[in-house]
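**Q** Provided below for reference: sequence and predicted model.
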Amino acid sequence: MLSSRIQSYRPLLLGMGFTAVLAWAGFILASLPYINKIGPLAVAILLAVFYRHFFGYPEPIRNGIQFSAKKLLRLAIILFGLKLNIGVILQEGAPLLLRDFLVICFSIGLMILLARLFKADDSLSVLLGIGTGVCGASAIAAVSPILKAKEEDTAISAGIISIVGTLFAVGYTIIRPLLPFDAEAYGMWVGLSLHEVAHVALAGAPAGEDGLGMALLGKLGRVFLLVPLSLLLIWVMKRKGKQEEGNQITFPWFLIGFILMSLFGSYIEGRFFVISDEMMNGISTMTSFLLTMAMVGLGLSVSVKDVRQKALKPMLLLMITSVLLSLITYWMV
């Protein structure tokens, strides 16, 4: 009886283990020179895509891979909420959130407009616009269930935005000495314009503690707006579902967990009890690893042929949008 039950869980455990191995390999490779600029998430997605291309999809362990791609993805988003300090954002008030709101509107609106003008893939373009405006792959992962995006579109867009964002972050550090900005102004520009929290940290660190702090503050405001953006998307998709029978959207309850973890980290932790820096760093590392496992699961659904057909135009449009966003936010600062 016990043996048969263990056997029933075997595909689940092996599939999760498989995504963990590729995620671990992504972290190892991302520690190497030059590759470390890309980051483990993008490296792990590429490993998964290459595995699928050369060896095919590992069907016997599909259940475990799907568990990583869906359930662990939601858990990672919930834990990601700990990085959002709502109190700090509210102290800065309306000016910060207004600028972050404009960044999100500009990014999504421009990507959609360019996609229609150049006949690029709509799904990828919307996901990339949201990732550019909010917080990269994490935002893409959070809104994909709401938009009913295909797993391969989620993986492709997450990989693209990780790579492009890294290129921009490295470019920022190169041109920083040439800019007429003090450390705090440079940090705000970084926080308003770059794609992921990791990119913001990479580009903001050379400006010192003040510059990095301001960069993360500008970025956290955009992360904060992920929740109202998701609620807006739910409303839009429900209206669309009324017009298209069978296209109803279910509420992504993991966003409630994201909010609760944000409130916990902002108001409860540190007042009623304290989580040590070591434990917080451990949670952050675990969150990154779970997100990377999830992206491996998504990456295994990607066909290289589809990437060539679908991703080239959206990637070029993302580059254009990112350049224009950098120029606009430079003026805003």
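**A** Perfect, I can see it now.

**Q** Which elements pack onto the helix with the most length in the chain?
**A** The residue-count maximum for a helix in the chain (DSSP state H) belongs to helix 2-29. When contacts are defined as 3 or more Cβ pairs under 8 Å, 6 or more residues apart in numbering; DSSP states H and E, helix 2-29 sits against helix 40-55, helix 62-67, helix 277-299. (Each C-beta comes from the backbone N, C-alpha and C, glycine too.)

**Q** where's it relative to the chain centroid, distance-wise?
**A** Chain-centre distance of helix 2-29: 24 Å, with Cα atoms, centre = their mean, to the nearest Å.

**Q** Repeat that for stretch 307-314.
**A** Shown here is stretch 307-314, whose average C-alpha point lies 19 Å from the average C-alpha point of the whole chain (Cα atoms, centre = their mean).

**Q** Pull out the buried positions in it.
**A** 307, 310-311, 313-314 (16 or more other Cβ atoms under 10 Å).

**Q** so which one among those residues has the lowest pLDDT?
**A** pLDDT across these is lowest for Val307, at 73.

**Q** part of a strand, is it?
**A** No: using DSSP: H, G, I helix; E, B strand; the rest coil, the secondary structure at Val307 is helix, not a strand.

**Q** In CSV, list the helices and strands packed on helix 2-29 along with mean pLDDT.
**A** As requested, the helices and strands packed on helix 2-29 are arranged in CSV below (pLDDT from 0 to 100):
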stretch, mean pLDDT
helix 40-55, 87
helix 62-67, 92
helix 277-299, 87
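
**Q** Among these, single out whichever gets nearest to Phe168.
**A** Comparing those by their distance to Phe168 (Cβ to Cβ), the top pick is helix 40-55, with 13.3 Å.

**Q** Name the residues that touch the closest one?
**A** Judged by Cβ atoms under 8 Å, 6 or more residues apart in numbering, the contacts made with helix 40-55 from elsewhere in the structure are 22-23, 25-27, 29-30, 35, 137, 155, 158-159, 162-163, 166, 288, 291-292, 295-304, 307.

**Q** cool, and stretch 11-30?
**A** When contacts are defined by Cβ under 8 Å, 6+ apart, stretch 11-30 is touched by residues 35-36, 38-41, 43-45, 47-48, 51, 58, 60-69, 72, 289, 292-297, 300.

**Q** need the buried residues of stretch 307-314 in TSV with distance to Phe264 and secondary structure, can you?
**A** Below are those laid out as TSV (distance: Cβ to Cβ, whole Å; DSSP: H, G, I helix; E, B strand; the rest coil):
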residue	distance to Phe264	secondary structure
Val307	39	helix
Lys310	39	helix
Ala311	37	coil
Lys313	41	helix
Pro314	36	helix
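
**Q** sorry, back to before: what's the average pLDDT for the longest helix of the chain?
**A** Across helix 2-29, pLDDT averages out at 85.

**Q** tilt between that helix and helix 277-299?
**A** With axes from the mean of the first three to the mean of the last three Cα atoms, to 10 degrees as the basis, helix 2-29 and helix 277-299 are set at 100 degrees to each other.

**Q** buried stuff in helix 2-29?
**A** Neighbour counts over helix 2-29 (16+ other Cβ under 10 Å) mark 11-12, 14-16, 18-20, 22-27, 29 as buried.
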